[in-house]
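Asker: Need coordinates for the following:
(2 chains)
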Number of protein chains: 2
Amino acid sequence: METKAQVLYDFTAEPGNNELSVGEGETITITNQNVGGGWIEAKNSRGEVGLVPEDYIEIKQAQPFTSGGNAASLDLSLFDSHIPTPAPASTAQVDVAQPETPVTPVTPGFSSTSPDETSNGNDPWAVFDNNASGGVSNNWAAQPEGTETGKTSSNAWHSGGHGHPQAYQGPGAEDDEWDEEWDDVKSSGGYAESDAGEGGAINRGGAHGSSMKIALNKFPGFSKSGPEVFLLSKQPAKGTKLPVYGGEVGPVWAYPDYQLDCVVADPKKGSKMYGLKSYIEYQVTPTTTNKPVNHRYKHFDWLYERLLDKFGSAIPIPCLPDKQVTGRFEEEFIKMRMERLQGWMSRMCRHPVISSSEVFQLFISYKDEKDWKTGKRKAEKDETVGVMIFSTIEPEGLPDLDLIEVEQKCEQFNRFTRAMDDGVKDLLTVGNEHWKRCTGPLPKEYQRIGKAFQNLSSVFTSSGYEGEAALTDALTAAGKTYEDIAQMVAEQPKKDLHFLMETNNEYKGLLGCFPDTIGVHKAAIEKVKEADKLVATSKITPSEKTTMSKRASTMSYALQAEMNHFHSNRIYDYNRVMQQYLEQQVKFYEMIAEKLRHAHSQFTTM
Amino acid sequence: METKAQVLYDFTAEPGNNELSVGEGETITITNQNVGGGWIEAKNSRGEVGLVPEDYIEIKQAQPFTSGGNAASLDLSLFDSHIPTPAPASTAQVDVAQPETPVTPVTPGFSSTSPDETSNGNDPWAVFDNNASGGVSNNWAAQPEGTETGKTSSNAWHSGGHGHPQAYQGPGAEDDEWDEEWDDVKSSGGYAESDAGEGGAINRGGAHGSSMKIALNKFPGFSKSGPEVFLLSKQPAKGTKLPVYGGEVGPVWAYPDYQLDCVVADPKKGSKMYGLKSYIEYQVTPTTTNKPVNHRYKHFDWLYERLLDKFGSAIPIPCLPDKQVTGRFEEEFIKMRMERLQGWMSRMCRHPVISSSEVFQLFISYKDEKDWKTGKRKAEKDETVGVMIFSTIEPEGLPDLDLIEVEQKCEQFNRFTRAMDDGVKDLLTVGNEHWKRCTGPLPKEYQRIGKAFQNLSSVFTSSGYEGEAALTDALTAAGKTYEDIAQMVAEQPKKDLHFLMETNNEYKGLLGCFPDTIGVHKAAIEKVKEADKLVATSKITPSEKTTMSKRASTMSYALQAEMNHFHSNRIYDYNRVMQQYLEQQVKFYEMIAEKLRHAHSQFTTM
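Answerer: Okay, here's the model as predicted:
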């Protein structure tokens, strides 16, 4: 039985890379589903065979993991997409009693919209719209106890292995884990409306998926996704303590004396599968050891997933730069990705909690392959993930906050990050428009002005009139000056607007994580608000209620420390980028003035 | 019997000006045809009565001059427009044997396309396309002898009074000629394709009708329109001699020691017909007398017509700035017209032949109304008009040119003016595009950038974080700077591009006159070429042939002197305007750089 797939998006093959160009709506036949690395081998209707990115297609007739048709193969197309479907190769526990939670069929290696994203629509901030007036949030994080949605999706996702399915296929696969392919697919999340506004430009606009997905449901024992897991936890805290101090600006993380940084550089092309697939390896050199380590994009992605699992409830972990399939060996793309990986790594390095974490230290300074493998396995088994990170947080000498104060802070941060998100997107939209004008119509116009002057000059030269040369020379020079200006205009955005855009893009990504992070806090607040009722109905003891309140206060200190970290970085970043932008702008206009002054001097005064 | 008219173009009434708004295609009833000044009073279907410009309508059922219906009234609509129609109130001599010459029905006060314009289509240069290869021109000026087209049109036009019909209605009308209205309608001629390209902008693009119409056929005795009138003329030359000297650059006009100029200023609104119609009077002050005289636009137009009649065959007389009917009392329009009248007057002043002519001197320095009237009547009776102007030209100490040389010069001037015409139009198109961008999308973009910075600044202010003020103040200042830049960008074209555009516009108008002027010369050359044949068929004597050749040489000297005048003015004008443009551009970019430098300085170095 053949496996057919429908192409979801146009994909243009990279020449000499064993890829197959496909068009949206086209039906292709899967010839090898186990290529790995987010690729499948497929055949089109003209019989051409090549690699196609998995996330560009939707498989119509799925087969179970073992290749070759058999009676157990399941035609997923028979299921309505609103009915949760068991993922293949798992002991699926399907709860079909929740049809309001759409779960699309899950195939290994496929990323799909999670129910959480769906329920929020496209606006990650929407859930807070009515909150100021005390309305009950319908956000997943604030899901009233008893709703099984979280559980259902947890099961459906867990079975498929959320994130990197093949990374969790058992010890048999582990031996060659260094070489194996992981699914690089990222969910890009909630900002479709803004991304659309930036379409048509180069990668610039679409970079950085802007919402992180906190995978609380991924590990056994976390099937209940809410913050109550921490609020009511009876387990002793495991892992490094994370102190929060009272600083000048309020609660702050413990900052190291030495500010870590690292350099991402020297991208090298490697290949595997007998040259069938190639990849890029980047050199990461931390300022501490000054010893470079090599990482592929998928390793960065692995790190991202670990950081998200571990810290995502307390610290917004910005997405990596988007994976881009087409043109990924083009020099410019590699350079751009490297620059963005650098930006991401620098931001992680600057964060006192992240940069000092074991998994991050492993990533930037593992000694050898064995060290990496061991550390990797250990990190994947870390149990202090999700909301449990709050169990390691220790407010030092800070008084417990009452719920009203906790809620006020949370609301304030939500309002601010939301407003800043709007402001940043606005600037990105405007900047993108300006970029397009500066690289498109504007230099064309200066070029045409330049040509018109030169053209007139050559007409004048043909006059046969004596004493024409002084004018025609000057007019030609003026024309050439405007052609030079055209080029300057076209190249300028790369010198100034680029950094302004990149910084704002980074912040857009970072701000996109806040709804999730703040959502965890909002949900905790809701839980604590319910505590009296829970005590009254004997679901918890009065002592547990006290613990919940105290833990909500701890969570709030973590959030405040994180916000203060965010603010101080923000002030630094915007100061720096605005200075850089304006400095380059000044140079640009001065250079134009200088060029024109020279052109002017060539005309004779009469 | 009612006189109906069809509206040809939309016309929007000036409020408080007794005008009537009409729309293209609308049928209106003429209620008073004798309002004058290019206006008629009409009633629309809603019974509203008001003034409408005559040239915006086409009368459907014409009445003879005397108002009130009578049996003699002629329904012109019965005639096909291709059949020449007698003009009313004249002893029309209609030659219906020339149907290939379309003559539209002529109604008093109506200007219409002359057959000459029609035969040339829209490209005034087209006639020369095949000439380089010796082909016979089909231009009217080169009309083979015996074709009656010129005669026919002459008769048809003369009877209606070409140009200003009411100026020629007999002595009864002359007493109040100062106040009477003339038809201001100008034929805008051959540049429709270029005008279309400039549509959408303000008046800038459409200014200056760009082809002059040499009215050779206007006076009795000039019914034969060709240059042979001069080439074979036996009349002694009348009027002031116009010497041509051998200068450094070749043949040149005699330049006066004192360069005349005049100032057009102080536009004043006047009214007449008991306030029914109002007009603008400009003050013209020549540098010679420094005594101002007042002139309305129609007086300038009268001067233009006189100069065209008298000098147009030898000297391109640029059209006046277009008459604009709507909004003609708006301040900006008056300012623009004044500026252009100034430009036109300065150009006339700079021309040694024109500035020293009797009619021009009358215009700028008449002593009183009587002086003006007398001079006006005299000028209108001047017989040294059309090609006869060449009879006054006297090459001083210059050898006769042979026909080959005459022809080469003519071809060269034609090539050059044509090429420059293209170059100037190209620059105008580009400049117009640039103008639109600088006043439209570009400042809007800078404004949006400015707003985005300010918006981000006010979001930052709301953070509640300490030590935010330095950044937010600087960011607000940067935002305001970009708003300032937006305004500077929008206002800049008026400071630099404006003069570049105006100068090129002037040259476009001037260059548009060359096909007509050069056409006269081409026609003369063709005539001289035919001389041998004419001698052989005894149509002329050998001595007449010699005279013709000598006179063609004289004509060539006049053309060369004129071209040299044109070149020297061109070099002066373009030097000046480019210097002015670049100087303002330098200032502009320097100012932007300075503003941004200030904005930059407000960010704190960290």
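
Asker: so what's A:Tyr282 bridging to?
Answerer: A:Tyr282 forms beta bridges with A:His295, as assigned by DSSP bridges.

Asker: Quick check: it touching A:Ala265?
Answerer: Yes - contact criterion CB atoms under 8 Å: A:Tyr282 and A:Ala265 qualify, at 7.2 Å. C-beta coordinates here come from the backbone N, C-alpha and C atoms, glycine included.

Asker: quick one, which of those two is more surrounded?
Answerer: With neighbours defined as other CB atoms under 10 Å in any protein chain shown, A:Tyr282 and A:Ala265 compare such that A:Tyr282 has more, 24 against 12.

Asker: what residues are up against the more buried one?
Answerer: By CB atoms under 8 Å, 6 or more residues apart in numbering or on different chains, A:Tyr282 lies in contact with A:264-268, A:294-297, A:300, A:338, A:341.

Asker: taking those residues one by one, which sit in strands?
Answerer: Applying DSSP state E to these, the entries found in strands are A:264-268, A:294-296.

Asker: Which member of those residues is positioned nearest chain B?
Answerer: Top of the list for closeness to chain B, among these and by CB to the nearest CB, is A:Val264 at 23.5 Å.

Asker: neighbours around the nearest residue to that closest one once chain neighbours are set aside, how many?
Answerer: Distances taken as CB to CB, 6 or more residues apart in numbering or on different chains put A:Gln342 closest to A:Val264, at 4.1 Å, once the chain neighbours are dropped. The number of residues packed near A:Gln342 is 18, by other CB under 10 Å.

Asker: Point out where chain A drops to low pLDDT.
Answerer: Scanning chain A for pLDDT under 70 picks out A:1, A:14-17, A:34-38, A:61-225, A:273, A:323-329, A:605-606.

Asker: touching chain B at all, stretch A:545-558?
Answerer: No - residues of stretch A:545-558 are not located near chain B by CB under 8 Å from any CB of the partner chain, the shortest gap being 14.5 Å.

Asker: quick one: buried residues of that stretch?
Answerer: Buried residues in stretch A:545-558, counted by 16 or more other CB atoms under 10 Å in any protein chain shown: A:545, A:547-549, A:551-558.

Asker: Residues contacting that stretch, please?
Answerer: So stretch A:545-558 is contacted by A:227, A:230-232, A:242, A:244, A:251, A:314, A:390, A:393-395, A:398, A:400-403, A:405-406, A:409-410, A:520-521, A:524-525, A:527-528, A:531-532, A:534-535, A:540 (CB under 8 Å, 6+ apart).

Asker: CA-only coordinates of stretch A:232-239 in CSV, if you can.
Answerer: What follows is stretch A:232-239 as a C-alpha-only set of coordinates in CSV (Å, rounded to 0.1, in the frame of the first residue of the first chain):
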residue,chain,number,x,y,z
LEU,A,232,0.4,21.6,46.2
SER,A,233,3.6,19.6,45.6
LYS,A,234,4.8,17.6,48.6
GLN,A,235,8.1,16.6,46.9
PRO,A,236,11.2,18.2,48.2
ALA,A,237,12.8,20.6,45.8
LYS,A,238,15.5,19.1,43.6
GLY,A,239,18.4,20.8,41.7
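
Asker: residues of it that come out buried?
Answerer: Result for stretch A:232-239 [16+ other CB under 10 Å]: buried residues A:232, A:237, A:239.

Asker: what sits against A:Cys391?
Answerer: In this structure residue A:391 is Ser, not Cys. By CB under 8 Å, 6+ apart, the contact list for A:Ser391 reads A:230, A:233, A:235, A:237-238, A:384.

Asker: Dump those residues into TSV; add distance to A:Thr287 as well.
Answerer: Shown next, in TSV, are the contacts of A:Ser391 (distance: CB to CB, whole Å):
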residue	distance to A:Thr287
A:Phe230	34
A:Ser233	37
A:Gln235	37
A:Ala237	31
A:Lys238	30
A:Thr384	27
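
Asker: Now the two most distant members of those.
Answerer: Between any two of those, the greatest separation by CB to CB is 12.6 Å, found for A:Phe230 and A:Lys238.

Asker: ranges for the strands of the stretch 351-500 of chain A?
Answerer: Using DSSP state E, counting those that start in this stretch, the strands of the stretch 351-500 of chain A run over A:393-395.

Asker: and which of the buried residues of stretch A:545-558 is nearest to chain B?
Answerer: A:Ser556 (14.5 Å).

Asker: Find the nearest non-adjacent residue to the closest one, please.
Answerer: Distances taken as CB to CB, 6+ apart place A:Val406 nearest to A:Ser556, at 4.2 Å, with adjacent residues excluded.

Asker: The one you found and chain B, how far apart?
Answerer: The gap separating A:Val406 from chain B is 15 Å, by CB to the nearest CB, to the nearest Å.

Asker: Chain B contacts on the stretch 301-450 of chain A?
Answerer: The stretch 301-450 of chain A has residues A:412, A:415-416, A:419-420, A:422-424, A:426-427, A:430-431, A:433-434, A:437, A:441-442, A:445, A:448-449 near chain B, with proximity defined as CB under 8 Å from any CB.

Asker: Could you rerun that using 6 Å?
Answerer: Proximity of the stretch 301-450 of chain A to chain B (CB under 6 Å from any CB of the partner chain) is limited to residues A:416, A:419-420, A:423, A:426-427, A:430, A:434, A:445, A:448-449.

Asker: Near chain B, which residues of chain A are found?
Answerer: A:249, A:416, A:419-420, A:423, A:426-427, A:430, A:434, A:445, A:448-449, A:452, A:455-456, A:459, A:463, A:465-466, A:471, A:567, A:571, A:575, A:578-579, A:582-583, A:585-586, A:589-590, A:592-593, A:596-597, A:599-600, A:603, A:606.
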